[in-house]
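S.K.: what's the 3D shape of this:
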Amino acid sequence: MKSGTRWANIEKVTFLEKSKHIFTPYDKFVIAILALLQFTVVLDFMVLSPLGAILMPGLGISTSQFGLVVSVYAFSAGASGLCAAGFADKFDRKKMLLFFYSGFVCGTLFCAIANSYLPLLCARVITGIFGGVIGSISFAIITDMFSMQVRGRVMGVVQMAFAASQVLGIPVGLYLATHFDWHAPFLMIAALAIIIGVVMAIKLKPVIGHLQGSHDKNAFIHLWHTTSNPFYIRGFAATMLLATGGFMIMPFSTAFLVNNILVPETRLSEIFFITGIVSIVTGPFLGKQVDKYGKYRLFLFGSILSIIMVMIYTHLGPTSIWVVILINIVLYTGISSRMISSSALISGVPDMKDRGAYMGINSSIQQVSGGIAAFVAGLIVYQPAKNAPLQHFDTVGYVTACTMLITLFMMFFIDREVSRKLHTAHT
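M.R.: Numbering: from 1, shown residues only. Model prediction:
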């Protein structure tokens, strides 16, 4: 009898494990709406960097001032993420998501009406306060709803927001900016975000599974318990360095393309469009490989590829646009591999009752680290005159490569701990 009962339990567990790999129509809706939501948030941040070549002479600001405009979003996002972390596990995640997304829309609208450096700087602060928390809430929802076995696939689709923002958003944004005004892209983002927000408010179900566990009654105590967990601290440290690479190179990539590689401004959107198309195709594919071969193996592959391509990219001189596109494609393949695999792996670090707080703190650290990286890059990179080649961009490449190497070792130990934790939970 006991043997039969045990066999029945094994069959039940096997069935449940298999069912976790099948996405229901509602699962697909959640993945799609979160991907679209991430698209608008990522685009709001990413569209500013390609506008650098237009915005700096338009507002008469220096590279260091532009670096601050980019990084101040990250600083404010980091501060708000940290403040919201203690409360993140005490409310329905849907309500939290709608609240912060509404604030994000307002901040984007303020960017659209800013007409000088200081108002734009303030608008980026407001957008960062609300937009910086959205990603952490989205990833908490993903972690609550989907098992570790399929998180690579889910992250692969959601992370397509980065590629989609290049394919659709950045080329359209650059087109609007060059043919109308640099304010136009922010109006486009705000209009799209309003539609997504309405659909999310109507269709998305409450996400309250985390409320059933035990919690610290005081939000600050909950925040302290999360930040003082030794295993969590290792995850935070890895995130700190993960953010450095992209944030150092991205803000000045278009200025580098125009002034150093001598790509005409009118052809910038062509580079981003083709690169993004390839990234959209490779994103879900890489997500499946993450689940098939392991999170760390794909992270290792992506890191090595990224280091090689970063060193090539940051040392380029005048080059054919098709060679630049090919280099961009390979570089973004490596970056996508790192992003998807690290997101899936990091999601396994916190317990359910701590996921909202952990993701909030993690997002805060990511934003602040990225902000510091962007600001430091602005101090390293130097443009002696208007339209002159950027100086010391190769130094940014060396720093980025070093951080990627260090992160490789840090993620190795996190992967071991997460695997041990999952094994213990199943036994």
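S.K.: Could I get the buried residue list for the helix or strand harbouring Gly356?
M.R.: Using DSSP states H and E, Gly356 falls within helix 355-380. By neighbour count on 16 or more other C-beta atoms under 10 Å, the buried set for helix 355-380 is 355-378, 380. (Each C-beta comes from the backbone N, C-alpha and C, glycine too.)
S.K.: what's the neighbour count on Ser343?
M.R.: When counting by other C-beta atoms under 10 Å, one arrives at 24 neighbours for Ser343.
S.K.: Tell me if I'm right that it and Phe139 touch.
M.R.: Yes. Ser343 lies in contact with Phe139 (C-beta atoms under 8 Å); the separation is 6.9 Å.
S.K.: Relative to Ser80, how far out is Gly103?
M.R.: Here the criterion is C-beta to C-beta, to the nearest Å. By it, Gly103 lies 9 Å from Ser80.
S.K.: Out of these two, name the residue with the larger neighbour count.
M.R.: Taking neighbours as other C-beta under 10 Å, Gly103 and Ser80 compare with Ser80 leading, 23 against 18.
S.K.: Could I get the contacting residues of the more buried one?
M.R.: 128-130, 132-133, 364 (C-beta atoms under 8 Å, 6 or more residues apart in numbering).
S.K.: Just the element for the closest residue to it other than its chain neighbours, please.
M.R.: Spatial nearest neighbour of Ser80, chain neighbours left out: Ile129 (4.3 Å); criterion: C-beta to C-beta, 6 or more residues apart in numbering. According to DSSP H and E, Ile129 maps onto helix 117-145.
S.K.: Buried residues, that helix. List them.
M.R.: Of the residues in helix 117-145, those buried by neighbour count under the rule 16+ other C-beta under 10 Å are 117, 120-143, 145.
S.K.: Please apply the same query to stretch 401-410.
M.R.: For stretch 401-410, a neighbour-count test (16+ other C-beta under 10 Å) marks 401, 403-404, 407-408, 410 as buried.
S.K.: Quick check: which ranges of the stretch 301-427 of the chain have low pLDDT?
M.R.: 423, 425-427 (pLDDT under 70).
S.K.: Recalculate using a threshold of 80.
M.R.: By pLDDT under 80, the weakly predicted segments of the stretch 301-427 of the chain are 351-357, 359-360, 363-364, 366-368, 370-371, 374-375, 382-387, 421-427.
S.K.: Going by residue numbers, what spans are strands in the stretch 301-427 of the chain?
M.R.: Read by DSSP state E, counting those that start in this stretch, the stretch 301-427 of the chain holds no strands at all.
S.K.: What ranges does it have for its helices?
M.R.: 321-346, 355-380, 393-426 (DSSP state H, counting those that start in this stretch).
S.K.: Let's have these in TSV, adding distance to Lys288.
M.R.: Converted to TSV, these look like this (distance: least, C-beta to C-beta, whole Å):
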stretch	distance to Lys288
helix 321-346	10
helix 355-380	24
helix 393-426	18
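S.K.: For Ile61, find the nearest of the ones you listed.
M.R.: helix 355-380 (11.0 Å; C-beta to C-beta).
S.K.: Now do that closest one: which elements does it pack against?
M.R.: Judged by 3 or more C-beta pairs under 8 Å, 6 or more residues apart in numbering; DSSP states H and E, helix 355-380 is in contact with helix 63-85, helix 117-145, helix 219-227, helix 230-242, helix 244-249, helix 393-426.
S.K.: What separation do you get for Leu422 and Ala79?
M.R.: Leu422 is 33 Å from Ala79, by C-beta to C-beta.
S.K.: Ok, Leu204 next?
M.R.: For Leu204, the distance to Ala79 equals 27 Å [C-beta to C-beta].
S.K.: Can you report how many residues lie near the residue lying closest to Leu120 once chain neighbours are set aside?
M.R.: Nearest residue to Leu120 in three dimensions, chain neighbours excluded: Ala114, at 4.0 Å (C-beta to C-beta, 6+ apart). Close neighbours of Ala114, defined as other C-beta under 10 Å, add up to 19.
S.K.: what do you get for Phe220?
M.R.: Using other C-beta under 10 Å: Phe220 sits among 10 other residues.
S.K.: got the buried residues for stretch 142-161?
M.R.: Under 16+ other C-beta under 10 Å, the buried positions of stretch 142-161 are 142-143, 145-146, 148, 150-161.
S.K.: nope, stretch 338-350 is what I meant
M.R.: Using 16+ other C-beta under 10 Å as the test for burial, stretch 338-350 gives 338-350.
S.K.: Of those residues, which pair is most distant in space?
M.R.: Arg338 and Pro350 (20.4 Å).
S.K.: can you give me the helices in the stretch 151-300 of the chain?
M.R.: Under DSSP H, counting those that start in this stretch, the stretch 151-300 of the chain gives helices at 151-158, 160-164, 170-179, 184-203, 219-227, 230-242, 244-249, 253-259, 268-293, 295-313.
S.K.: tell me what the fourth one is packed against?
M.R.: Looking back up the chat, that one is helix 184-203. Here helix 184-203 touches helix 25-46, helix 93-113, helix 170-179, going by 3+ C-beta pairs under 8 Å, 6+ apart.
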